[in-house]
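In: this one's sequence-less:
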């Protein structure tokens, strides 16, 4: 399977005050982007200054969001912090309800990630095709798929996501095969590869610093 995009960025997740302090101490080359989990950090009203571009997200409670935020509460947080963001991550299920966020992002030149998370299983192939088609129909800039990966068949189905669209994709596994799958998917062209700065959010997630080092090593290997 060929690599569909040469960009392979590592994203450090800021989901706690401690993670924010870790992010403030990062230097060029440690990561490529930072993700601000506004559902985890309710006090902030704008993105802090950083040498790295920000991905802004306010995660849906149905896909791992914290705080039990309503759709309108999530919309307000997105809009209050949109200035300064390079990208926003909106779940595919939320695109219609958060269409104002998507529209404002478009006017501001902020790219939109349409994401899908399944913490219980890797969806069947038909479901994954539906997910990708929904992202394409919505006009998102990047499609992100994260799913529990417990066996080789799960990895095989997630690999198929790369062939389902011409859009940039970010693919990651969670659970027993999370660590190995994230390295594999990055090598296959996953454009955004997430790592923790404070503590893992899910099983099988690398620290952002370790992931960056591993991918740098992989990129430097002789063909």
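Out: Here it is on my side, so go on. Since the model is a prediction, treat every value here as computed from it, not as a measurement.

In: and stretch 77-91, how far out from the chain middle?
Out: 13 Å (Cα atoms, centre = their mean, to the nearest Å).

In: just the terminal-to-terminal distance for that stretch.
Out: Terminal residues of stretch 77-91 lie 15 Å apart, using Cα to Cα, to the nearest Å.

In: quick one: buried residues of stretch 208-223?
Out: The neighbour-count criterion (16 or more other Cβ atoms under 10 Å) identifies 208-209, 211-212, 214-215 as the buried residues of stretch 208-223. For the C-beta atoms, the positions are set from N, CA and C on the backbone; glycine is no exception.

In: and stretch 65-76, by the same measure?
Out: Along stretch 65-76, the positions that meet the burial threshold by neighbour count (16+ other Cβ under 10 Å) are 65, 67, 69, 74-75.

In: which stretches of this protein form strands?
Out: Remark: strands assigned in the chain by DSSP state E are 9-14, 33-37, 54-57, 87-91, 111-118, 142-148, 169-174, 192-196.

In: need these in TSV with distance to residue 125, can you?
Out: Compiled in TSV, the strands of the chain are given as follows (distance: least, Cβ to Cβ, whole Å):
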stretch	distance to residue 125
strand 9-14	27
strand 33-37	28
strand 54-57	27
strand 87-91	21
strand 111-118	14
strand 142-148	12
strand 169-174	14
strand 192-196	23
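
In: select, out of those strands, the one closest to residue 103.
Out: Ranking the strands of the chain by distance to residue 103, with Cβ to Cβ as the measure, places strand 111-118 first at 10.0 Å.

In: run through the neighbouring helices and strands of that closest one.
Out: Strand 111-118 is packed against strand 54-57, strand 87-91, helix 99-108, helix 125-138, strand 142-148, with contacts defined by 3 or more Cβ pairs under 8 Å, 6 or more residues apart in numbering; DSSP states H and E.
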